[in-house]
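need a 3D model of the sequence below.
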Amino acid sequence: GSFTQARLADEPDGEPDVLSLAGDGSGGLWLGTPAGLWHFDGERVDARYAAGGGGLAADRAQVIGRAADGTLWIGTTGGVSRWNPAAWTAFPQAAAGVRSITGDEARVWIALDEGLAAWDGQGWRWLANSQVYGLWLDDGGVWFGAEDGLYRAGPDGTISPGPSALQGRPVFSLAGDPSGALWAGSDRGLHQLRNGNVARAVTAADGLADNFVNAIWIASGGGAVWAGTNRGVSIGDESGWTTVRWEAGSIDANIVRAIAAGADGSMWAGTDAGLRRLPPGSDAANEAAWLVYTTADGLAGDSVYSLRVEPNGQLWAGTGGGLSGLDDNGTLEKQDDVWVSHTAEGGLGANRVTALWRDAQSRLWIGTERGLIRHIPIRRKPTFEFAGLRAGGELLALLPDLSLTARQTDVGIEFGGASLATERLIYRYQLAGEAWRVSATHRAEVALQPDQKYLLTAQAFDEDLNASPLARAAFSVQAIPLQERRWFQVTVIGVL
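Below you'll find the model as predicted:
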């Protein structure tokens, strides 16, 4: 036989002692040390998790147990931590602030405060060492905006500078249009490039809200160019430029860091004062047409740095307080909204989420102020059931001939369910004829009236926004006089 040595870290005090070991089920090892939990893939150490941003209760990982489903139980000096390693993976090789992420089948490109990195699934390659902001794929390579200009990295790693007009100044954002042109946003406005040369420049003098352009969005079918600036959003087309500003020009409300289009035609803008949504068909220049979402509605933080809209319409927003997900039930009504959030304690490593990208395998790549995280969602839907009605402190099963006294007509509907992804579930429910509602607990308060028929519809969501199939229960409430007291009989017609 032979020995393989795994070097954990180059630290002044030497490598940390290994206190505990557990196999990962794939030929690798989990290593518990005084400096946290480390993963060895058989050739090298590829991940590390510690207290605080890493999610462990304390740094000293003394005991590791691995369940059949891959879940790790880590005993530390600060308590026991439970973690699913398949769900969240940190990359210590990219332990710096992440500004942007993109990729293709060959590699993932990461723009970091310390440079440009590429990961091909096997190893890392560093291609630039200056601060990098925006990325845009191009024929196997990538355009990247850096603190000192625009560059292109080819598939072989060769770096070529962009046009001289964009050198020597920071380039923050990039986007391609359907004609093949590349748009670059800098501190000097917008530049459109064709064949590597500047074909058009747009500045505040031309109608742009501000010369600092943090985000660009262009429809895949052509049309308007949306530019998020430090003084609002500008929309440009053949007729010129239109700008919208919010809250009487408030500084935070008009620093726009991200723009995305919803599956329903909505437009989303992430600002330093919340998330803003323009409903389909609305006038973008009309400030009153925009809906505003803040921490009061469910966002993890009011500063929104990155956005991603999924094909099913669900939205993910990277904020200063964590990663937030939204399922809006296909409506603009806020009471329908299911919000979930992931924070540093849950595996993110840091709460400020600055970049989002999903690959072809549905893995979500998350850039934070402290590094790169990859999240693998469990796509199995949660289960759901009606557990019964709670009235007067008693849980009553949804069975035929269920009777309630007149004082028990304000009841709680008890929900039940389970998920492989998360322990916590959120429930959306509706009594037919009434508005949808959301409950963050397993109970919803409802008021029942005598001589009425009801149809209750509900479903469960886990923290990856997987939803259970809709469940329905039909029942009726009847008034029954009994010993000078009014009773209501609830007859279940059926659970559908």
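
number of nearby residues for Ser419?
Per other Cβ atoms under 10 Å, the neighbour tally for Ser419 reads 21. Heads up, the C-betas are built off the backbone N, CA and C, glycines and all.

buried residues in stretch 101-112?
Buried residues in stretch 101-112, defined by neighbour count with 16 or more other Cβ atoms under 10 Å: Ile101, Thr102, Gly103, Arg107, Val108, Trp109, Ile110, Ala111, Leu112.

before we move on, what about stretch 413-431?
Of the residues in stretch 413-431, 413-415, 417, 419, 421-422, 425-431 count as buried by neighbour count, 16+ other Cβ under 10 Å.

which pair in the residues you listed spans the largest distance?
The distance between the two most remote of the buried residues of stretch 413-431 (Cβ to Cβ) is 28.1 Å, for Ala421 and Leu431.

that older thread, need the buried residues of stretch 413-431 in a markdown table (columns: distance to Asp462, pLDDT and secondary structure).
Converted to a markdown table, the buried residues of stretch 413-431 look like this (distance: Cβ to Cβ, whole Å; pLDDT from 0 to 100; DSSP: H, G, I helix; E, B strand; the rest coil):
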| residue | distance to Asp462 | pLDDT | secondary structure |
| --- | --- | --- | --- |
| Ile413 | 20 | 87 | strand |
| Glu414 | 18 | 91 | strand |
| Phe415 | 13 | 92 | strand |
| Gly417 | 9 | 89 | strand |
| Ser419 | 4 | 81 | coil |
| Ala421 | 4 | 68 | coil |
| Thr422 | 5 | 72 | coil |
| Leu425 | 6 | 94 | coil |
| Ile426 | 8 | 96 | strand |
| Tyr427 | 11 | 96 | strand |
| Arg428 | 13 | 97 | strand |
| Tyr429 | 16 | 95 | strand |
| Gln430 | 20 | 95 | strand |
| Leu431 | 24 | 91 | strand |
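
which ones among the buried residues of stretch 101-112 map onto helices?
Per DSSP state H, helices hold no members of those.

just send those back as CSV, with pLDDT too.
Listed next are the buried residues of stretch 101-112 as CSV, based on pLDDT from 0 to 100:
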residue, pLDDT
Ile101, 98
Thr102, 97
Gly103, 95
Arg107, 93
Val108, 95
Trp109, 96
Ile110, 97
Ala111, 97
Leu112, 96
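
quick check, nearest of the residues you listed to Leu455?
Nearest to Leu455 among the buried residues of stretch 101-112: Ile101, at 44.6 Å, using Cβ to Cβ.

need the contact list for that closest one.
Contact analysis of Ile101 by Cβ atoms under 8 Å, 6 or more residues apart in numbering lists Val108, Trp109, Ile110, Ala111, Leu135, Ala355, Leu356, Trp357, Trp365, Gly367, Leu372.

and the residues you listed, which is closest to Leu470?
Set against Leu470, the nearest of the contacts of Ile101 by Cβ to Cβ is Leu356 (28.5 Å).

ok, residues contacting the strand or helix carrying Phe144?
Secondary-structure assignment from DSSP states H and E places Phe144 in strand 141-146. Residues outside strand 141-146 that contact it (Cβ under 8 Å, 6+ apart) are 102, 109, 111, 116, 128, 130-137, 150-155, 162, 170-174, 182, 184-186.

in the stretch 201-350 of the chain, which spans are strands?
Assigned by DSSP state E, counting those that start in this stretch, the strands in the stretch 201-350 of the chain fall at 213-218, 225-229, 232-237, 240-244, 256-261, 267-271, 274-278, 291-293, 304-309, 315-319, 322-327, 338-342.

just checking, what packs against the third one?
Using 3 or more Cβ pairs under 8 Å, 6 or more residues apart in numbering; DSSP states H and E as the contact definition, the elements that strand 232-237 packs against are strand 225-229, strand 240-244, strand 256-261.

can you check the first one too?
The criterion is 3+ Cβ pairs under 8 Å, 6+ apart, and the helices and strands that strand 213-218 contacts are strand 171-176, strand 182-186, strand 189-194, strand 225-229, strand 256-261.

nearest to Ala68, of the ones you listed?
Here strand 256-261 is closest among the helices and strands packed on strand 213-218 (Cβ to Cβ), at 39.2 Å.

can you give the distance of stretch 259-273 from its chain's centre?
Mean C-alpha position of stretch 259-273 versus that of the full chain (Cα atoms, centre = their mean, to the nearest Å) differs by 14 Å.

hmm, which of the contacts of strand 141-146 are the buried ones?
Looks like the contacts of strand 141-146 have 102, 109, 111, 116, 128, 131-136, 150-153, 162, 170-174, 182, 184-186 buried, using 16+ other Cβ under 10 Å.

quick check: Thr229 touching Thr203?
No. Counting by Cβ atoms under 8 Å, Thr229 does not reach Thr203; the two are 10.9 Å apart.

more crowded one of these two?
Thr229 (24 against 14).

dump the residue contacts of Arg370.
Neighbour list for Arg370: Gly53, Ala95, Ala96, Gly97, Gly349, Ala350 [criterion: Cβ under 8 Å, 6+ apart].

name the nearest residue to it, ignoring sequence neighbours.
Ala350 (3.9 Å; Cβ to Cβ, 6 or more residues apart in numbering).

for that neighbour, give me its contacts.
By Cβ under 8 Å, 6+ apart, the neighbours of Ala350 are Gly53, Ala344, Thr368, Glu369, Arg370, Gly371.

which of those has the most neighbours?
Most neighbours among the contacts of Ala350, by other Cβ under 10 Å: Thr368, with 25 neighbours.

return the distance of that one relative to Asp283.
Distance from Thr368 to Asp283, counting by Cβ to Cβ, to the nearest Å: 36 Å.

if we can go back for a sec, closest to Gly121 among the contacts of Ala350?
Gly371 (18.1 Å).

these two touch, right, the closest one and Ala95?
Yes. Checked against Cβ under 8 Å, the pair Gly371 and Ala95 is within contact range at 4.3 Å.

excluding its backbone neighbours, what's nearest the residue sitting nearest the centre point of the chain?
Closest to where the C-alpha atoms of the chain average out (Cα atoms, centre = their mean) is Trp316, at 3.5 Å. Nearest residue to Trp316, sequence neighbours excluded (Cβ to Cβ, 6+ apart): Arg308, at 4.5 Å.

the one you found contacts Asp359, doesn't it?
No. If you go by Cβ under 8 Å, Arg308 and Asp359 don't touch, sitting 12.0 Å apart.

what about those two, which has more around it?
Remark: of Arg308 and Asp359, Arg308 carries more neighbours, 20 against 15, as counted by other Cβ under 10 Å.

who touches the more buried one in this structure?
Ala260, Leu315, Trp316, Ala317, Leu356, Trp357, Arg358, Leu364.

now do it against Phe475, distance only.
40 Å.

try Gly168
Distance, Gly168 to Phe475, by Cβ to Cβ: 72 Å.

so for those two, which sits in the more crowded spot?
The neighbour comparison of Gly168 against Phe475 (other Cβ under 10 Å) goes to Phe475, with 22 against 9.

so where does the more buried one fall, helix or strand?
strand 471-482.

what mean pLDDT does that strand have?
Across strand 471-482, the average pLDDT comes to 70.

so Arg257 touches Phe212, yeah?
No. Contact criterion Cβ under 8 Å: Arg257 and Phe212 do not qualify, at 10.9 Å.

give me the common contacts of these two.
By Cβ under 8 Å, 6+ apart, no residue touches both Arg257 and Phe212.

tell me the confidence at Thr441?
Looking at Thr441, its pLDDT reads 92.

cool, the one 3 residues further on as well?
At Ala444 the predicted local confidence, pLDDT, stands at 90.

what strand or helix carries it?
Assigned by DSSP H and E, Ala444 falls within strand 443-447.
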